[in-house]
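Chemist: sequence unknown, structure follows:
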């Protein structure tokens, strides 16, 4: 159970990082 929770948390963090990365890339394109 603890391992499953840690795995889900890691997945959520990765997803958030990916979203932020996409947003930064999009913002950079819109800027130029």
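Modeler: Ah, there it is. Please read these numbers as outputs of a predicted model, since none were measured by experiment.

Chemist: how about the helices in the protein?
Modeler: 2-31 (DSSP state H).

Chemist: shaky segments in this protein?
Modeler: 1, 32 (pLDDT under 70).

Chemist: and the gap between residue 14 and residue 8?
Modeler: Distance, residue 14 to residue 8, by Cβ to Cβ, to the nearest Å: 11 Å. Any C-beta I mention is one placed from the backbone N, CA and C, and that applies to glycine too.

Chemist: one more: residue 18?
Modeler: Remark: distance between residue 18 and residue 8 (Cβ to Cβ) = 16 Å.

Chemist: and residue 25, by the same measure?
Modeler: 26 Å.

Chemist: how many residues are close by residue 25?
Modeler: Residue 25 has 10 neighbouring residues, counting by other Cβ atoms under 10 Å.

Chemist: how close does it get to residue 19?
Modeler: 11 Å.

Chemist: do residue 11 as well
Modeler: For residue 11, the distance to residue 19 - Cβ to Cβ - is 13 Å.

Chemist: which residues touch residue 23?
Modeler: For residue 23, the contact set (Cβ atoms under 8 Å, 6 or more residues apart in numbering) is empty.

Chemist: only the buried residues of stretch 3-10, if you could.
Modeler: Of the residues in stretch 3-10, none count as buried by neighbour count, 16 or more other Cβ atoms under 10 Å.

Chemist: can you list contacts of that stretch?
Modeler: So stretch 3-10 is contacted by nothing (Cβ under 8 Å, 6+ apart).

Chemist: and it, how far from the chain's centre?
Modeler: Offset of stretch 3-10 from its chain centre (Cα atoms, centre = their mean, to the nearest Å): 15 Å.

Chemist: could you do stretch 2-11 as well?
Modeler: Here the centre of stretch 2-11 is set off from its chain's centre by 15 Å, with Cα atoms, centre = their mean.
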